[in-house]
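In: please find the sequence and the predicted model below.
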Amino acid sequence: MKSIFGKIAVVIVTLCLLSACGGLQKSQNKTPPQPTRQLTDRNAQPTQPYPIRNVPDTDQIFTKTEFILPIKETWYVFWGGTNKRDNYHYAYESQRYAIDLVIRKNGKSYRGDKKQNQSYYAFGKEVIAPAKGTVIQVENDVSDNKPVGKMNPDKPFGNYVMIDHGNDEYSVIGHLKKGSPVVNVGDTVEQGDLIGLCGNSGNSSEPHIHFQVSNSSMLNQGQSIRIRLRDNVNPTRGQYVQPATGI
């Protein structure tokens with residue numbers, strides 16, 4: 001987050017989820033909300049219904065690049081879809097089609113002490129390149145937050161990797177574990193290559209992955225693009241998603 005990105009929104013919110021939504025700014029021309037909000041209890045569902053409104057002009061425009069989800073096992077879609085009910089990011093042009101992923105087992109995202117990152121199933125899981133491209137930005141020295149504790153709004157995306165895929169398409173994967181990115185600026189990656197490990201860095205209260213594609217490397221100025229995924233996957237809130245075929 002807040003470095004090159006300013007204040008853009010990557011949001012997995014807590015189970016309580018909508019406490020985070022309460023302070024959202026209504027205009028897309030205003031500064032978007034901070035990235036990941038609280039993720040304390042993933043069993044909760046939104047208590048405030050959102051009208052199901054969409055933006056058909058952009059909903060039907062997909063990336064030219066075929067991507068895969070940056071995962072190697074089953075994950076849970078916490079935010080994803082083409083309306084505000086299913087995807088908190090949807091109200092904001094720069095992050096409209098972003099996807100937030102956690103791992104859930106038996107209805108929970110952790111086992112044991114919820115105040116320890118190591119208790120979360122997602123923490124330390126491998127994160128892979130969603131498509132071939134050139135690494136153009138890397139952040140790797142942001143400390144992981146203590147779960148359900150103080151977040152880091154000064155570095156909203158925490159540790160992240162940005163990849164240029166050509167066609168004015170730039171993917172960003174955020175909230176990586178401190179020191180885990182294994183790529184450097186200028187590296188060429190192939191689809192499926194390891195890029196880092198899931199963490200809890202940045203404006204995040206629980207380990208998870210934030211994945212989006214934009215038409216600009218300046219994310220606070222660009223537009224989010226709906227991601228064309230292999231196998232016609234369409235990640236929507238509440239779904240469990242699998243690794244792409246061949247991964």
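Out: Perfect, I can see it now.
In: for the most centrally placed residue in the chain, name its beta-bridge partners.
Out: For the chain, the residue nearest the mean C-alpha position is His210 (1.2 Å; Cα atoms, centre = their mean). With DSSP bridges applied, His210 shows beta-bridge pairing to Asp100, Gly174.
In: cool, and Tyr240?
Out: Tyr76.
In: test my guess that it contacts Glu73.
Out: No. Counting by Cβ atoms under 8 Å, Tyr240 sits too far from Glu73 to count as a contact (10.5 Å). Where you see a C-beta, it was placed from the backbone N, CA and C, and this is true even at glycine.
In: so where is this protein shaky, pLDDT-wise?
Out: For the chain, residues meeting the criterion pLDDT under 70 lie at 1-53.
In: quick one, helices of it?
Out: Listed in chain order, the helices of the chain (DSSP state H) span 18-21, 56-59.
In: need the CA coordinates for the last one. PDB is fine.
Out: As requested, the backbone C-alpha atoms of helix 56-59 are provided in PDB (Å, rounded to 0.1, in the frame of the first residue of the first chain):
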ATOM      1  CA  PRO A  56     -22.000  -3.400 -17.500                       C
ATOM      2  CA  ASP A  57     -19.600  -1.300 -19.600                       C
ATOM      3  CA  THR A  58     -16.600  -2.700 -17.800                       C
ATOM      4  CA  ASP A  59     -18.100  -6.000 -16.500                       C
END
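In: OK, contacts around the residue of the chain positioned farthest from its centre?
Out: Most distant from the centre of the chain: Gly112, at 24.6 Å, with distances by Cα atoms, centre = their mean. Residues near Gly112 by Cβ atoms under 8 Å, 6 or more residues apart in numbering: Ser119.
In: so how far is Ala122 from it?
Out: Distance of Gly112 to Ala122, given as Cβ to Cβ, to the nearest Å: 14 Å.
In: show me the strands in the protein, by range?
Out: Here the chain has its strands, by DSSP state E, at 75-79, 99-102, 126-128, 133-139, 159-164, 170-176, 188-189, 194-197, 209-214, 240-241.
In: can you redo these as CSV with distance to Ala91?
Out: Shown next, in CSV, are those (distance: least, Cβ to Cβ, whole Å):
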stretch, distance to Ala91
strand 75-79, 12
strand 99-102, 15
strand 126-128, 26
strand 133-139, 25
strand 159-164, 22
strand 170-176, 19
strand 188-189, 31
strand 194-197, 28
strand 209-214, 14
strand 240-241, 23
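In: many thanks, I have nothing further to ask.
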